[in-house]
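K.L.:
Here you go, sequence then predicted model.
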Amino acid sequence: MGDVLSQNEIDNLLAALSNGELDASDIKGSDEKTVKNYDFNRPSKFSKEHLRTLEIIFEHYSRLLSTSLPAYLRKNVQVELVNAEATIYQEFTNSLSNPVLLGIIDFSPLTGNIIIEMAEKIGYTIVDRMLGGLGTPLEKSREFSEIELAIIERIMIVCVNLLAEPWTNVVKLEARLQRIETNSQFAQIISPSEMSAIITMNMRIGNVEGMINVCMPYDVLEPVIDKLNTKYWYSTVRGVDKNVDRELIEVAIARARVPVKAELGRSTISVKDFVNIQKGDIIKLNTKVNDELGVYVGNMKKFFALPGTSSDSYAVKISQVIKEEDS
């Protein structure tokens, strides 16, 4: 509702109109509304809020890949999120080359499948690293052999298992790899006109770089689409009890095993003496009987101790703790 004019304002306005100082067309309100065209071939089912939440989820997923894959590939792996966008499934499949690595993922408990597409050269690099090579991709592309696909499948399963943690705040996932396809024609998981969210990540294995695309159809995410918003996401994160996490970490640390050794002393002998050593031979050490022993935790000297026995076992008695500033 517009502002209500006083009587003085009305009189001044009428006087200005009658004197020609004001044109009526200048104060005529415009009720025209802008009309936005709707493309029925590309219905906007994913909002910017949905895509932003997917970016948050897959930023977490990228960090997990960066920390987990080096243990399998024995090489530095860096994964970074590039972007998330919505498009129809046909446009995604049309952008794929042949051969291509497509992991068909059962996204249980949600109904339907998602797709993880891995760049061809990333696949060749994984095979080379797993077989003991330097991780050099092929100069000329070719079809993947059955043995190569079996090797890539092992790494793909690792990638699929890592999906559960980033999705914890949305749904408790039990995703599993169904199969790997090298031809996009055999990966028609939904109708070509259906909308999908495409999340693009960049993976670097050593000096080799390639893209990983995750295709998530709207029909799969529809049951949890209301949870894909930043308000729900951050409220869920804030609701986590930090004391519970702290207790879990303390329990895990308490159960961790670390090697502890006490060093009686050191000596240097020739290889000939070492080969001919017999029971009862004496090796002279660089320590005396009353000297304190160095106790190592891992490779760091942390304590001084005195040697002795406990029941029928050898033991040491801690006599001094080595502080960090003293080490």
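P.N.:
Cool, got the structure.
K.L.:
Just give the closest residue to residue 97, not the sequence neighbours.
P.N.:
With CB to CB, 6 or more residues apart in numbering as the criterion, residue 97 has its nearest non-adjacent residue at 7.1 Å, and that residue is residue 120. To be clear about C-beta, it is placed using only N, CA and C from the backbone, and glycine gets the same treatment.
K.L.:
and the one you found, how many residues sit next to it?
P.N.:
When neighbours are counted by other CB atoms under 10 Å, residue 120 registers 20.
K.L.:
Repeat that for residue 283.
P.N.:
Neighbours of residue 283 under the rule other CB under 10 Å: 11.
K.L.:
per-residue confidence at it?
P.N.:
Note for residue 283: predicted pLDDT of 86.
K.L.:
what's the distance between it and residue 264?
P.N.:
As for residue 283, its distance to residue 264 is 10 Å (criterion: CB to CB, to the nearest Å).
K.L.:
ok, the residue nearest to residue 97 to residue 127 distance?
P.N.:
Distance from residue 120 to residue 127, counting by CB to CB: 11 Å.
K.L.:
you'd agree residue 219 is up against residue 112?
P.N.:
Yes - using CB atoms under 8 Å, residue 219 is in contact with residue 112, at 5.8 Å.
K.L.:
which residues do those two both contact?
P.N.:
Residues touching both residue 219 and residue 112 by CB atoms under 8 Å, 6 or more residues apart in numbering: residue 190.
K.L.:
about what we covered before: may I have the phi/psi pair for the residue nearest to residue 97?
P.N.:
Phi and psi for residue 120, reported as degrees, to the nearest 10, are phi -60, psi -40.
K.L.:
just the strands in this protein please.
P.N.:
77-88, 101-106, 113-118, 176-181, 195-205, 208-217, 260-263, 293-297, 300-310, 313-321 (DSSP state E).
K.L.:
Can you get me a residue count around residue 168?
P.N.:
Residue 168: 13 neighbours (other CB under 10 Å).
K.L.:
so what pLDDT did it get?
P.N.:
87.
K.L.:
Distance of the residue nearest to the spatial centre of the chain relative to residue 225?
P.N.:
The geometric centre of the chain, computed from its C-alpha atoms, lies nearest to residue 61 (CA atoms, centre = their mean), at 2.1 Å. Using CB to CB, residue 61 is found at 19 Å from residue 225.
K.L.:
before we move on, what about residue 60?
P.N.:
If you go by CB to CB, the gap between residue 60 and residue 225 works out to 19 Å.
K.L.:
How about residue 293?
P.N.:
From residue 293 to residue 225 the distance is 64 Å (CB to CB).
K.L.:
quick one: which of those two has more around it?
P.N.:
More crowded of residue 293 and residue 225, by other CB under 10 Å: residue 293, with 19 against 16.
K.L.:
close enough to count as contact, residue 292 and residue 306?
P.N.:
Yes - between residue 292 and residue 306 there is a contact under CB under 8 Å: 6.1 Å.
K.L.:
tell me, what's touching these two both at once?
P.N.:
The contact sets of residue 292 and residue 306 overlap at residue 319 (CB under 8 Å, 6+ apart).
K.L.:
Once you drop chain neighbours, what's closest to residue 212?
P.N.:
Per CB to CB, 6+ apart, closest to residue 212 is residue 201, 4.6 Å.
K.L.:
Run a quick neighbour tally on that neighbour.
P.N.:
Residues lying near residue 201 (other CB under 10 Å) number 21.
K.L.:
which residues does residue 273 contact?
P.N.:
By CB under 8 Å, 6+ apart, the contact list for residue 273 is empty.
K.L.:
Would you mind measuring from it to residue 283?
P.N.:
For residue 273 relative to residue 283 (CB to CB), the value is 9 Å.
K.L.:
Repeat that for residue 183.
P.N.:
Counting by CB to CB, the gap from residue 183 to residue 283 is 68 Å.
K.L.:
Same check on residue 200?
P.N.:
On the measure of CB to CB, residue 200 and residue 283 end up 63 Å apart.
K.L.:
Same question for residue 251.
P.N.:
Taken as CB to CB, the span from residue 251 to residue 283 is 43 Å.
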